[in-house]
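Undergrad: 3D model of this:
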Amino acid sequence: MHIGLLSNDDRLIDELTNIVFAKPLSWRMFESANDLRYQIREQPYSHLIVSDRGMTFGDLAECLEYIAQENPAAVIIVLLSNYHEAAINEKYVKMCKLMQLDYVLPGRSTAVIADHIRAWVDGAVTGQSQLRATQGKIITFIGSTPNIGTTLAAVGVASTLALETPGKVGFLCLNLKSSKLHRYLGRKGSFVTLDGLRAELKAQSLTAERLLNVCDQPKGANGLYVLYGNMLREQAEFFTPAEIVHLLRVARATFDVVVVEVNSYWDNAATVSGLLEADSKVVVTTGDITHFQEDFSRWIRQVGSVFGLNPDSFELLAVQTERHAGPSEFTLSDIRKETQLHLIGHVSRHADALALCNQGKLLELYAPQHEMHPEVRAVARKFIDYYKLPRKLHVKPATWVQRLLIGKRAAT
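TA: You can find the predicted model right below:
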């Protein structure tokens with residue numbers, strides 16, 4: 001197979017040419033887009049790797065269109081860099097999706113990019129490529145701060161989506177360092193957790209059938225498929241971005257909607273990859289000013305921009321809110337003004353939440369008779385409307401009176 005690489009990164013070239021692929025490859029390096037254009041007229045390529053370094057958005061678009069015209073059989077992957085502003089990076093990603101091209105997101109090390117390329121080439125050879133982002137939607141929840149109720153909100157939205165839509169809904173706990181979901185759901189006995197899939201993730205061999213088999217379907221979760229998080233906390237740092245991306249893209253191909261929860265700290269592959277791969281990103285915060293101002297600014301705005309994430313691309317979910325804020329307390333309006341994000345909903349402080357979690361009865365919070373039910377349902381229905389997901393026949397859209405009441409509670 002002939003494979004071409006358009007890049008002037010010597011470290012990347014050295015890394016890629018020393019990888020052992022499933023089949024022998026004949027490499028050709030191109031220093032410029034003009035060089036590549038000239039060469040593909042003479043020699044067709046099975047794979048082409050194109051880096052956006054040194055090219056404007058228009059130049060890259062023209063280059064990709066030319067390749068598609070002159071060498072239509074070539075499989076293309078685009079290496080996106082963080083040499084552009086976050087808002088510009090989103091344009092590049094959108095272009096790749098519209099052109100149905102594989103791509104590697106910004107902020108990856110040379111070794112990680114090489115792992116992606118190996119999985120991409122070998123997957124294409126065996127007909128099992130999972131790199132292209134297709135099919136189901138991924139909604140990722142991240143807390144501005146640990147232990148503020150992100151899990152409760154994320155599981156509530158996922159459970160409601162499973163209740164109100166006919167498709168498969170999956171929940172992936174990618175909190176590598178402090179997963180407690182199995183306790184909250186009262187799960188006892190043997191069950192598969194994320195660390196049990198390490199071998200398949202490392203070999204890039206996880207399948208949709210295998211993922212469905214290892215997911216739990218807790219009683220009372222409306223058919224929600226749940227993959228419990230990592231139990232081996234000392235190995236959290238050993239999960240690589242390539243492994244997490246492989247899991248997410250298999251999940252995307254398996255479920256109609258995938259709800260993901262990641263750790264609030266950005267020092268692990270799951271948090272970064274979970275956000276980069278998401279179609280919708282929800283940041284969960286509270287009315288504590290150190291949470292919605294300090295933590296939000298340091299993590300979402302400061303660290304997120306390093307990985308090409310535009311802070312404005314996040315949705316805001318406020319939790320532990322009081323329906324009637326006192327004169328010295330911050331309101332939902334204050335949180336929204338400080339973060340400058342779209343407020344997708346809120347979850348009030350519920351006195352019985354901690355006790356139910358400790359008893360393994362988390363799902364009782366989402367029962368129709370509980371006050372939390374309409375709060376998470378309002379958020380879930382916004383995603384149903386946004387992605388135009390089909391509804392189950394027995395589910396009726398909220399009336400204008402119900403929407404008005406929900407809106408009044410959110411504005412309080």
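
Undergrad: need the three-state assignment for the closest residue to Leu356 other than its chain neighbours.
TA: The shortest distance from Leu356 to any non-neighbouring residue, by C-beta to C-beta, 6 or more residues apart in numbering, is to Glu364 (5.4 Å). In short, each C-beta sits where N, CA and C put it, glycine included. Recorded secondary structure, Glu364: helix (DSSP: H, G, I helix; E, B strand; the rest coil).

Undergrad: swap in Val50?
TA: strand.

Undergrad: quick one: it from Arg37, how far?
TA: 12 Å (C-beta to C-beta, to the nearest Å).

Undergrad: same question for Glu338.
TA: Glu338 is 49 Å from Arg37, by C-beta to C-beta.

Undergrad: what's the local residue count around Leu98?
TA: Neighbour count for Leu98, taken as other C-beta atoms under 10 Å: 8.

Undergrad: what of Glu209?
TA: 9.

Undergrad: Leu393 - that's part of a strand, no?
TA: No. Using three-state DSSP, the assignment for Leu393 is coil, not a strand.

Undergrad: would you map the strands across the protein?
TA: 2-6, 26-30, 47-51, 75-79, 102-104, 137-143, 169-174, 225-227, 257-262, 280-285, 314-321, 342-348 (DSSP state E).

Undergrad: so which of those strands gets nearest Asp295?
TA: Closest approach to Asp295 among the strands of the chain is made by strand 280-285 (7.4 Å; C-beta to C-beta).

Undergrad: for that closest one, packing partners?
TA: On a contact count with 3 or more C-beta pairs under 8 Å, 6 or more residues apart in numbering; DSSP states H and E, strand 280-285 meets strand 137-143, helix 150-164, strand 314-321, helix 332-339.

Undergrad: if you set the cut-off to 7 Å instead, what comes out?
TA: In terms of contacts (3 or more C-beta pairs under 7 Å, 6 or more residues apart in numbering; DSSP states H and E), strand 280-285 is packed against strand 137-143, strand 314-321.

Undergrad: next one: the lengthiest helix in the chain to chain centre, how far?
TA: If you go by DSSP state H, the chain has its longest helix at helix 110-126. Relative to its parent chain, helix 110-126 has a centroid offset of 20 Å by C-alpha atoms, centre = their mean, to the nearest Å.

Undergrad: what inclination does that helix have with respect to strand 2-6?
TA: 150 degrees (axes from the mean of the first three to the mean of the last three C-alpha atoms, to 10 degrees).

Undergrad: for the strands of the chain, give me CSV that also has distance to Leu247, mean neighbour count and mean pLDDT.
TA: Shown next, in CSV, are those (distance: least, C-beta to C-beta, whole Å; neighbours: other C-beta atoms under 10 Å; pLDDT from 0 to 100):
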stretch, distance to Leu247, mean neighbour count, mean pLDDT
strand 2-6, 26, 21, 90
strand 26-30, 29, 15, 89
strand 47-51, 23, 23, 93
strand 75-79, 19, 21, 91
strand 102-104, 16, 23, 86
strand 137-143, 11, 25, 96
strand 169-174, 7, 27, 97
strand 225-227, 8, 24, 97
strand 257-262, 10, 29, 97
strand 280-285, 17, 25, 95
strand 314-321, 22, 23, 92
strand 342-348, 25, 19, 92
